[in-house]
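Peer 1: Predicted structure and sequence below. I'll ask about it afterward.
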Amino acid sequence: MLCPPHLLPPPHGPLAARLGPVRTLWPAPGALFAELEQELATAREFASSMGRLLGGGGSGSPSGEPGQSSSVALAQGTAEPFAVRQDVRGFAPEQLAVKLVGRKVLLTGRKETQSEDGKGSFSYKYEVFKREWDVPEAVDTDRLTCSISREGQLCIEAPCLAPPALPARNVPIQLSPAGGSAAPGSEDGANGRARG
């Protein structure tokens with residue numbers, strides 16, 4: 001017999017004895033919700049892993065966006081140059097903008113496409129994508145460069161900061177008594193007297 005659980009006869013009674021065990025097609029609500037919660041947890045894990053995979057910073061548009069970026073920007077404190085490559089196939093250089101805001105590099109692409117089907121109908125498509133990367137402190141942002149290859153690979157690079165130039169100075173050489181390493185004017189540890 002197929003019926004919802006709230007329409008089932010009580011398990012102990014005259015009707016239950018005549019009908020025998022009753023089975024339903026519907027799962028118990030608790031089992032259904034547990035299964036949905038498990039599916040939701042799996043979906044959250046997948047979304048989180050995709051966010052980490054695509055991460056490297058950046059927010060993307062839902063569809064039609066350029067491909068992956070690869071970043072060679074290393075952790076702060078390392079003396080490595082900053083280098084990022086982003087697939088921007090389908091975008092012309094004039095449709096892209098690269099800005100440096102503080103220690104962040106922002107890449108924006110905007111493209112509008114309009115077409116007519118010949119019957120008087122038009123289609124209009126507007127694509128936008130954005131990416132951002134943090135530039136480590138050891139990188140010289142004043143020498144940031146950007147180039148695009150024929151294959152549609154945008155490359156953003158900056159070298160390391162040059163180490164600060166310290167002025168040279170002569171260090172005087174002092175004479176110390178034979179066998180001792182104490183500087184003149186210091187106390188003699190053996191007898192507590194000052195040298196003279």
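Peer 2: Thanks, I have the structure now. Numbering: from 1, shown residues only.
Peer 1: that's a strand at D142, yeah?
Peer 2: No: per DSSP: H, G, I helix; E, B strand; the rest coil, D142 lies outside any strand segment and is helix.
Peer 1: Against R169, how distant is it?
Peer 2: 29 Å (Cβ to Cβ, to the nearest Å). In short, each C-beta sits where N, CA and C put it, glycine included.
Peer 1: more crowded one of those two?
Peer 2: D142 (9 against 6; other Cβ atoms under 10 Å).
Peer 1: Is E127 in contact with L96, as I believe?
Peer 2: No: in this structure E127 lies outside contact range of L96 using Cβ atoms under 8 Å: 11.8 Å.
Peer 1: what touches both of these two?
Peer 2: G109 (Cβ atoms under 8 Å, 6 or more residues apart in numbering).
Peer 1: Quick one: mean pLDDT for stretch 168-188?
Peer 2: Here stretch 168-188 scores 71 as its mean pLDDT.
Peer 1: Which parts of the protein are strands?
Peer 2: 69-71, 82-87, 96-101, 104-116, 122-134, 145-148, 153-158 (DSSP state E).
Peer 1: how about the ones you listed, which one is nearest L36?
Peer 2: Among the strands of the chain, strand 122-134 comes nearest to L36, with 33.3 Å by Cβ to Cβ.
Peer 1: Sheet-wise, list the partners of the closest one with their directions.
Peer 2: strand 104-116 (antiparallel) (DSSP bridges).
Peer 1: which residue ranges form the helices in the protein?
Peer 2: Secondary structure of the chain (DSSP state H): helices located at 14-19, 29-54.
Peer 1: ranking these by mean pLDDT, which is last?
Peer 2: Among those, helix 14-19 scores lowest, at a mean of 63.
Peer 1: where does the protein have low pLDDT?
Peer 2: Along the chain, segments meeting pLDDT under 70 span 1-32, 49-79, 179-196.
Peer 1: want to throw the strands of the chain into JSON lines with distance to S176 and mean neighbour count?
Peer 2: As requested, the strands of the chain are exported to JSON lines (distance: least, Cβ to Cβ, whole Å; neighbours: other Cβ atoms under 10 Å):
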{"stretch": "strand 69-71", "distance to S176": "54", "mean neighbour count": "17"}
{"stretch": "strand 82-87", "distance to S176": "49", "mean neighbour count": "20"}
{"stretch": "strand 96-101", "distance to S176": "54", "mean neighbour count": "14"}
{"stretch": "strand 104-116", "distance to S176": "55", "mean neighbour count": "14"}
{"stretch": "strand 122-134", "distance to S176": "51", "mean neighbour count": "14"}
{"stretch": "strand 145-148", "distance to S176": "54", "mean neighbour count": "13"}
{"stretch": "strand 153-158", "distance to S176": "49", "mean neighbour count": "19"}
